[in-house]
Every structure is written in structure tokens, then in C-alpha cells.
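Chemist: curious how this folds, go ahead:
(chains A, B, C and D)
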2 protein chains.
Amino acid sequence: MAVTKPAGGKPAGERVHRAAVRLFATKGFHGTGIRDLAKAADLSSASLYHYMPTKERLLADIMRTSLQGLLDAATGELDGVTDPVERLDRLVVLHVTRHAREPLRTRVVDNEVDALTPASRRDVVGIRDAYEKLWSDTIDDGLRSGVFTTTRPATTRLALLDMCNGVARWFSPGGELGRSDLADHYADLARRMVGAPPKQPR
Amino acid sequence: MAVTKPAGGKPAGERVHRAAVRLFATKGFHGTGIRDLAKAADLSSASLYHYMPTKERLLADIMRTSLQGLLDAATGELDGVTDPVERLDRLVVLHVTRHAREPLRTRVVDNEVDALTPASRRDVVGIRDAYEKLWSDTIDDGLRSGVFTTTRPATTRLALLDMCNGVARWFSPGGELGRSDLADHYADLARRMVGAPPKQPR
DNA sequence: TCCGGTCTATCGATCGATTGATCGACCGAG
DNA sequence: CTCGGTCGATCAATCGATCGATAGACCGGA
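Modeler: Prediction:
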């Protein structure tokens, strides 16, 4: 009953957010005009500014909350887990599942970093670094305890992350491959890359 | 002696091309203004149009020639090579080496596809598809002959390519890791991913 | 039950700045 | 005297952002 206008059924603030994610992901931040955004959110370009301070701040908020959510989820997922193989499994499954569930949001996070102002960029990159440290620590642990065999752990970490990030570029929900199967397959690939034994030894 | 102005020592057309690659890679196509480009190429914005028909066509040319060069090199590299493991090795080494030698150009190719007009996009995506088919065929061959063990070859191909593409995002020439060592490491990772035996069995 | 006041949400109109692109003029080498 | 190369000036269009105004919901006091 609070809804007065049938403009999509969702509250306006959420419509702006969703439209921004979709447009920034598909056309890029600089490729998306304030009027494109307004049209997609079913608002005038003036009304837009009731829900965002600035176009750049809208982008920064999207990226910051998305990355923070990933970091929080990963921290929770690893809580109490000490086995490096299990830790790597969980990191990959969480990462891939998220990227497959929200490929648009992820693409914005991955591709629009240098559209941010220096201040926003510092925040975002700081969160991302904290997240990637979870991966570094896991790989280092695995090497120390001997379950991983890989030279150049730093490079391997980058290769792992790039591989997992790529999912957001091509995965389309509703395809033949489900999110869960996809995540399992990536976890297997990750184990192979670091030289850990496969999940079900044939 | 042909050089009349000391504007960087290079001919103007090449300066435009180089500046475009650098700016498109770091600030994005839509984030790069015609005046930024002119300044970086040490020309007026009007003179720019003696070396390009349109900003978009300049981008399309950069992407098309870069991708075509990669496809040609790969085709030549695979000529006569039938062993799937050797083929995969060569594909990875070529791909990674190129991405490490010219990360800026590669970033443009990878990130600015949807800044193209539909016509240009068709061309570029067509070349890219032909290139990726080399990878698909190699993986299929390896599976058929039994040297590769991987379920879901299509997904594994995507994971491989995303991993190798990622190099352009973080590699900086002159770092501690050389291009050749990097390429070898990636070839090893690729072998592990498809389940092929490592190069030097310890 | 009505009233004045406040707040949120929305808009059309418009701001100055910048966009990609074009024009005519000029310059120096051949 | 021509002509490839270069430029300042400028075009219409669009950019991100702001303005004042309006409509309606809600609230406390008469």
C-alpha cells in the first residue's frame, strides 16, 4: 500500500542501484550517461540525485559494498578451517558461486576501478587487498605443510584469481551448466593448479 | 632527416596509435577524450583526424590488427604440430608472452569490446572466435587421444583463457619475473589443469 | 474534523563545461 | 604553385549537475 506508482514495483532507490549495476557493467561507467541511468530507473535525471550524491559516488558505493560483502563472506567461510586444501576449496567455491550469481555486479567491480577518484580507489583497493590476502595466506600454508606443490606461489595466486574472476565475463544464469557444478569444477581445477590431491581419487 | 619536428622522434601516425593504446588501456575508450589523445600524441585535435577517420574506427583498427596478429602467430606456431600437449604448450607460451610484452594493447582488446559499433564488433569477435577455436580443437584432441583428463572441456577452455588473459592486468615489464619464466610457469599450470604430465617429471 | 507546517519525492528547465567532429586558413618543402 | 600536414576557431550535441516549483503524505494543535 505504500507503493503509489507502479514503476517497476520496486522502490526508486533500489531501481537506481540496479540500473546502475546493469548499465555500468554493459556500457561502462564513462559510457553510461546520467540520462541513460534515469531512463533505466524510470526517473527524471533530476530525481536521480535524491538517491545518489554523484555518479562517481554511486559507482564507488556499488563497488565498496560488493567487495566488502565478498570479504565478509570469505572471512566467515574460513573461520576455524585450518586445512589448506579445505580452505582453498571454500575460497574457490564461494568466489565462483558469487561471480556466477551476480556477474554484472562483479564485472563492475573488476573493470571500473580506474574510473574511481583517488580517494574512492584507495578504499576499494584496500578491501580487495585484504580479500586477496586470504588467498595468499592459504597458498603459503599449503606450501609450508607440504600439501601444495607449486613454484612461484605469488604468480599462481594471480592465475587462480584471474581464472575465477573470468567466470563473470561469460557465465549466464540459466545456461546448461549450473552454479554448483561450475563451482565444483573450478575447485577441482584449483586443486590441480596447486598440486593438491583431487577430491575423489578415482 | 625526414623528421622535421622533434615531437618524440616518431612519425605522427604512429604517435597517435601508441597514445591511443596507452590511453584506451588506462582510462578506457569512453574515458579518453579527443583532446587527451591529441595532447598525448603531441598534435592538435584537428590534426588527429588526418590519421584516423573516427575515434571509434581508431579503436576498431587497434583491436582488429592486434587480434589478427595473435591469430596469425598462433596458426603459424601450431603448423604441423599434432601432439596435443605440445600444441597446448605453444598456445599458452605464445599467448602469455604476447600479453606480457604488450599488456596495454591486450587490455584494450579484452576490455573495450562493447565500445565498438555493431559492425566493428562483429569483425573483432569473429577473429577472436577463430582464435579460441584453436584452443577448443587442441583440448578436444587431447581428450580424444587420452593424454588430457578433464571433464567439461568447454569450461576448462574458458578457465584457461581467462587465466592467461589475466596476465595483461597485472604484469609490468621490468618486474622481478621475466616473460619467459612467466610463460613457462603458465604452461605448467595449463598442463596441470587439463591433466597432462608435467614437462620434467621430477 | 480541520488547519498550518514540514518533509519526501518528483519534475521541467536550464546551467556551464566538455564532447566528437569540421571548417577554412596557413605554412613550408618540392 | 601545389599540396600534404597542421592549426585555431568553432560547430551542434551531450555531459554531469543544480535550480525553483509542485504534489502529496504525515503530524501536532485547535
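
Chemist: got the phi/psi numbers for residue A:143?
Modeler: phi -70, psi -40 (degrees, to the nearest 10).

Chemist: against residue A:85, how distant is it?
Modeler: Distance of residue A:143 to residue A:85, given as C-beta to C-beta, to the nearest Å: 12 Å. All C-beta spots, glycine's among them, are computed from the backbone N, C-alpha and C.

Chemist: next one: residue A:75
Modeler: Per C-beta to C-beta, residue A:75 is found 19 Å from residue A:85.

Chemist: out of those two, which sits in the busier spot?
Modeler: Taking other C-beta atoms under 10 Å in any protein chain shown, residue A:75 and residue A:85 do not tie; residue A:85 has more neighbours (21 against 12).

Chemist: so who does the more buried one touch?
Modeler: For residue A:85, the contacting residues are A:142, A:147, A:191, A:196, A:197, by C-beta atoms under 8 Å, 6 or more residues apart in numbering or on different chains.

Chemist: nearest to DNA strand D among those?
Modeler: Of all these, DNA strand D sits closest to residue A:191, with 44.1 Å by C-beta to the nearest atom of the strand.

Chemist: tell me how many other residues surround that closest one.
Modeler: Other residues close to residue A:191 by other C-beta under 10 Å number 20.

Chemist: from residue A:135, how far off is it?
Modeler: To residue A:135, residue A:191 is 14 Å away according to C-beta to C-beta.

Chemist: per-residue pLDDT of the closest residue to DNA strand C within chain A, please?
Modeler: When distances are taken as C-beta to the nearest atom of the strand, chain A reaches nearest to DNA strand C at residue A:46, 2.7 Å away. On the pLDDT scale, residue A:46 is placed at 95.

Chemist: residue A:120 reaches residue A:62, doesn't it?
Modeler: No. With contact defined as C-beta atoms under 8 Å, residue A:120 and residue A:62 do not form a contacting pair (10.8 Å).

Chemist: now stretch A:126-143 - C-alpha only, PDB.
Modeler: Presented in PDB, the C-alpha positions along stretch A:126-143 are these (Å, rounded to 0.1, in the frame of the first residue of the first chain):
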ATOM      1  CA  GLY A 126      42.200  -1.700   0.300                       C
ATOM      2  CA  ILE A 127      39.300  -4.100   0.700                       C
ATOM      3  CA  ARG A 128      40.400  -6.100  -2.400                       C
ATOM      4  CA  ASP A 129      43.900  -6.400  -1.000                       C
ATOM      5  CA  ALA A 130      42.500  -7.800   2.300                       C
ATOM      6  CA  TYR A 131      40.500 -10.300   0.400                       C
ATOM      7  CA  GLU A 132      43.400 -11.400  -1.800                       C
ATOM      8  CA  LYS A 133      45.500 -11.900   1.300                       C
ATOM      9  CA  LEU A 134      43.200 -14.700   2.300                       C
ATOM     10  CA  TRP A 135      44.200 -16.500  -0.800                       C
ATOM     11  CA  SER A 136      47.900 -15.700  -0.300                       C
ATOM     12  CA  ASP A 137      47.900 -17.000   3.200                       C
ATOM     13  CA  THR A 138      46.100 -20.200   2.200                       C
ATOM     14  CA  ILE A 139      48.600 -20.900  -0.500                       C
ATOM     15  CA  ASP A 140      51.500 -20.200   1.800                       C
ATOM     16  CA  ASP A 141      50.000 -22.500   4.400                       C
ATOM     17  CA  GLY A 142      49.600 -25.300   1.900                       C
ATOM     18  CA  LEU A 143      53.200 -24.900   0.700                       C
END
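
Chemist: mind listing residues that contact it?
Modeler: By C-beta under 8 Å, 6+ apart, stretch A:126-143 touches A:64, A:67-68, A:70-71, A:74-75, A:78, A:84-85, A:87-88, A:91, A:148-150, A:153-154, A:156-157, A:160-161, A:194, A:196.

Chemist: list the buried residues of it.
Modeler: For stretch A:126-143, the neighbour count (16 or more other C-beta atoms under 10 Å in any protein chain shown) marks A:127, A:128, A:131, A:134, A:135, A:138, A:139, A:141, A:142, A:143 as buried.

Chemist: quick check: the first one vs chain B, distance?
Modeler: To tie it back to what came earlier, the one meant is residue A:127. 17 Å (C-beta to the nearest C-beta, to the nearest Å).

Chemist: re earlier: now, which of the contacts of stretch A:126-143 lie within helices?
Modeler: A:64, A:67-68, A:70-71, A:74-75, A:78, A:84-85, A:87-88, A:91, A:153-154, A:156-157, A:160-161, A:194 (DSSP state H).

Chemist: show the backbone phi and psi for the closest residue to residue A:197 other than its chain neighbours.
Modeler: Nearest non-adjacent residue to residue A:197, counting by C-beta to C-beta, 6 or more residues apart in numbering or on different chains: residue A:191, 7.1 Å away. Dihedral angles of residue A:191 (phi, psi; degrees, to the nearest 10) stand at phi -60, psi -40.

Chemist: pLDDT value on the residue of chain A found nearest DNA strand D, please?
Modeler: Nearest to DNA strand D in chain A, going by C-beta to the nearest atom of the strand, is residue A:33, at a distance of 3.0 Å. At residue A:33, the pLDDT value in this model is 97.

Chemist: okay, now it: neighbour count?
Modeler: Other residues near residue A:33 come to 14 when the count uses other C-beta under 10 Å.

Chemist: what do you get for residue A:146?
Modeler: Residue A:146, neighbours per other C-beta under 10 Å, totals 8.

Chemist: what about it, is that helix, strand or coil?
Modeler: Using DSSP: H, G, I helix; E, B strand; the rest coil, the secondary structure recorded for residue A:146 is coil.

Chemist: and it, what does it touch?
Modeler: Counting by C-beta under 8 Å, 6+ apart, residue A:146 has no contacts.

Chemist: state the distance from residue A:133 to residue A:157.
Modeler: Separation of residue A:133 from residue A:157 (C-beta to C-beta) stands at 10 Å.
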